[in-house]
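Q: compute the structure for the input listed below.
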Amino acid sequence: MIAKHYKEMLNGKSVIRELFGYATERAKEIGEENVFNFSLGNPSVPVCDEFTKALIELLEKEDPIKLHGYSPTLGIPAVKKIVAKSLQKRYDLPYTEEEIFMTSGAAGAIAHAVRAVTCKGEEVLTFAPFFPEYAPYVNSTGGVLRIVPANTKTFQINFEKLEEMINLNTAAILVNSPNNPSGIVYSTDTIKKLTNILHRKAKEYGHDIYIISDEPYREIVFEGVDLPCISKHYDNTIVCYSFSKSLSLPGERIGYIAVNPNCKDAKLLIQMCGQISRGIGHNCPSSLMQYGVAKVIDKTSDVSVYEINCNILYEELVKLGFEVVKPDGTFYIFPKALEEDANLFSEKAKKYDLMLVPGDSFGCPGYFRIAYCVPTEKVKRSLKAFKKFVETEYPNR
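A: Coordinates of the predicted model:
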């Protein structure tokens, strides 16, 4: 008998992936340069030269058994020490290798973190707009994901709704800042207000409430934007990090969990992650990739292009009459559609070879996401398509 749960999931395939597939087929017909594919958050800048050189040096000089052998269950100790030292220096928190667990990207990190701090039937709250894959990430663990409705004026946290929804069964809060899809960074005031609520509620309910902080866009923050370190404000924080965006390494699937060393169960949670791996077949990320990122732990690719792309699109969208909150970082922007149904809006955009993701699956009907991680020249060329789309389909806007 086949698994009913996963069969039913076929009815809810990723809208992003399906749109990306359509764009790929369309490119075969008219040429990739003529398709403005803003669907998938795939970094458009190359990995930094230092990483390539580090890999070459490792492959040429290190023992191949070491590079290609199994990693220890919790990750390579020498790599974990480097990660901990980097975090310690950056955030002035006493991380050691015992608070670090190497993972297959941020997705692998979240899979472990949710299982570590929730029991079957307990709730994880997250804030719209949110990354759609959070639903299978959480619900497949036996936990229950609940969505706090968006504050669409700012895309900061909707605290009124959070106060209504948090309850005795809340085990964790899943936070994503800088945020996919809005590009917004939660301000220091927002984080302080959130943590004050969690301290109060944890005391009221008599149990810990964890923050799981999903941080793959941590390095893509625009000029002048304050990005607060959540772990500095809340001891029970589990950071889920990926090098996919900062180093442009999404295909390598490499990241880590960092449990706040001030969390009373920090070392226990890391040990538990090794046991969680046994149940989900994680079995450690590539040894070569662990050694590779350790060589460039504080480096990034040239992510400055994303702010350039953001400014170009934001200015044009405003001119065309869109309501849009300007991003603070990432490579996403999340405008309000020009009609109530963003699915119809996005379907019409396809006629102009604009691939725009409707916001329903992000928990924000009526909005749409643009992933502007494409070459700047293509962003500039897309402006004519946007203008033609809006003037043709919405002449009375």
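Q: for L125, phi and psi?
A: Backbone geometry at L125, expressed as degrees, to the nearest 10, gives phi -100, psi 140.
Q: the strands in this protein, which residues?
A: For the chain, strands defined by DSSP state E occupy the ranges 36-37, 100-103, 123-127, 144-148, 170-176, 210-214, 237-242, 255-259, 332-333, 354-355, 357-358, 368-371.
Q: paired strands for the longest one, with orientation please.
A: Read that as strand 170-176. strand 123-127 (parallel), strand 210-214 (parallel) (DSSP bridges).
Q: mind checking which of those strands is nearest G366?
A: strand 123-127 (17.0 Å; Cβ to Cβ). For every residue, glycine as well, the C-beta is placed using N, CA and C.
Q: what comes into contact with the closest one?
A: 114, 118, 134, 138, 143-148, 150, 157-158, 162, 165-167, 169-176, 212 (Cβ atoms under 8 Å, 6 or more residues apart in numbering).
Q: give me the buried entries from the residues you listed.
A: 114, 118, 134, 138, 143-145, 147-148, 150, 157-158, 162, 166, 170-176, 212 (16 or more other Cβ atoms under 10 Å).
Q: re earlier: which one of the strands paired with strand 170-176 lies nearest to R90?
A: Of these, the one closest to R90 (Cβ to Cβ) turns out to be strand 210-214, at 14.4 Å.
Q: what's in contact with the closest one?
A: 106, 109-110, 113-114, 117, 124, 131, 171-177, 194-195, 198, 230-231, 234, 236-240.
Q: the strands paired with strand 170-176 into TSV, with extra columns for distance to T330?
A: Listed next are those as TSV, based on distance: least, Cβ to Cβ, whole Å:
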stretch	distance to T330
strand 123-127	15
strand 210-214	12
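Q: most neighbours per residue, which of those?
A: strand 210-214 (a mean of 27; mean count of other Cβ atoms under 10 Å).
Q: okay, the angle between that one and strand 237-242?
A: 20 degrees (axes from the mean of the first three to the mean of the last three Cα atoms, to 10 degrees).
Q: now strand 210-214 - C-alpha only, CSV.
A: Below are the C-alpha coordinates for strand 210-214, written out as CSV (Å, rounded to 0.1, in the frame of the first residue of the first chain):
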residue,chain,number,x,y,z
TYR,A,210,11.5,28.4,21.4
ILE,A,211,12.3,30.7,18.5
ILE,A,212,13.5,28.9,15.4
SER,A,213,15.2,31.6,13.4
ASP,A,214,15.5,30.8,9.7
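Q: from the chain's centre, how far out does that strand sit?
A: Its chain's C-alpha centre and that of strand 210-214 lie 12 Å apart, by Cα atoms, centre = their mean, to the nearest Å.
Q: give me the most central residue, this structure.
A: Residue closest to the average C-alpha location in the chain (Cα atoms, centre = their mean): P216, at 5.0 Å.
Q: tell me if I'm right that it and L247 touch.
A: No: the pair P216 and L247 does not pass the contact test of Cβ atoms under 8 Å, sitting 10.8 Å apart.
Q: quick check: mean pLDDT of stretch 183-202?
A: Taken as a whole, stretch 183-202 has a mean pLDDT of 98.
Q: buried sites along it?
A: 183-187, 190-191, 193-195, 197-198, 201.
Q: what's that stretch in contact with?
A: 154-157, 159, 162-163, 166, 170, 173, 175, 177-179, 208-209, 211, 221, 225-228, 230, 233-234, 236, 310, 325-334.
Q: next one: that stretch to chain centre, how far?
A: 18 Å.
Q: for that stretch, list the C-alpha coordinates in PDB.
A: Taking Å, rounded to 0.1, in the frame of the first residue of the first chain, the C-alpha atoms of stretch 183-202 are listed here in PDB:
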ATOM      1  CA  GLY A 183      12.300  41.200   1.800                       C
ATOM      2  CA  ILE A 184      11.600  42.900   5.100                       C
ATOM      3  CA  VAL A 185      13.900  42.700   8.100                       C
ATOM      4  CA  TYR A 186      12.200  42.500  11.500                       C
ATOM      5  CA  SER A 187      13.400  45.600  13.400                       C
ATOM      6  CA  THR A 188      15.000  45.600  16.800                       C
ATOM      7  CA  ASP A 189      11.800  47.000  18.200                       C
ATOM      8  CA  THR A 190       9.800  44.100  16.600                       C
ATOM      9  CA  ILE A 191      12.200  41.500  18.000                       C
ATOM     10  CA  LYS A 192      12.100  43.000  21.500                       C
ATOM     11  CA  LYS A 193       8.300  43.100  21.500                       C
ATOM     12  CA  LEU A 194       8.200  39.500  20.300                       C
ATOM     13  CA  THR A 195      10.600  38.200  22.900                       C
ATOM     14  CA  ASN A 196       8.800  40.100  25.700                       C
ATOM     15  CA  ILE A 197       5.600  38.300  24.700                       C
ATOM     16  CA  LEU A 198       7.300  34.900  24.600                       C
ATOM     17  CA  HIS A 199       8.900  35.500  28.000                       C
ATOM     18  CA  ARG A 200       5.500  36.400  29.400                       C
ATOM     19  CA  LYS A 201       3.700  33.500  27.800                       C
ATOM     20  CA  ALA A 202       6.300  30.900  28.700                       C
END
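Q: contacts only, for A113.
A: Going by Cβ under 8 Å, 6+ apart, the list of residues near A113 reads 172, 210, 212, 238, 240, 257.
Q: find the nearest non-adjacent residue to the residue nearest to the centre of the chain, please.
A: S242 (4.1 Å; Cβ to Cβ, 6 or more residues apart in numbering).
Q: my guess is the one you found meets A109, correct?
A: Yes: using Cβ under 8 Å, S242 makes contact with A109 at a distance of 7.3 Å.
Q: which residues are in contact with both of the two?
A: G255.
Q: tally of neighbours for V79?
A: V79 has 25 neighbouring residues, counting by other Cβ atoms under 10 Å.
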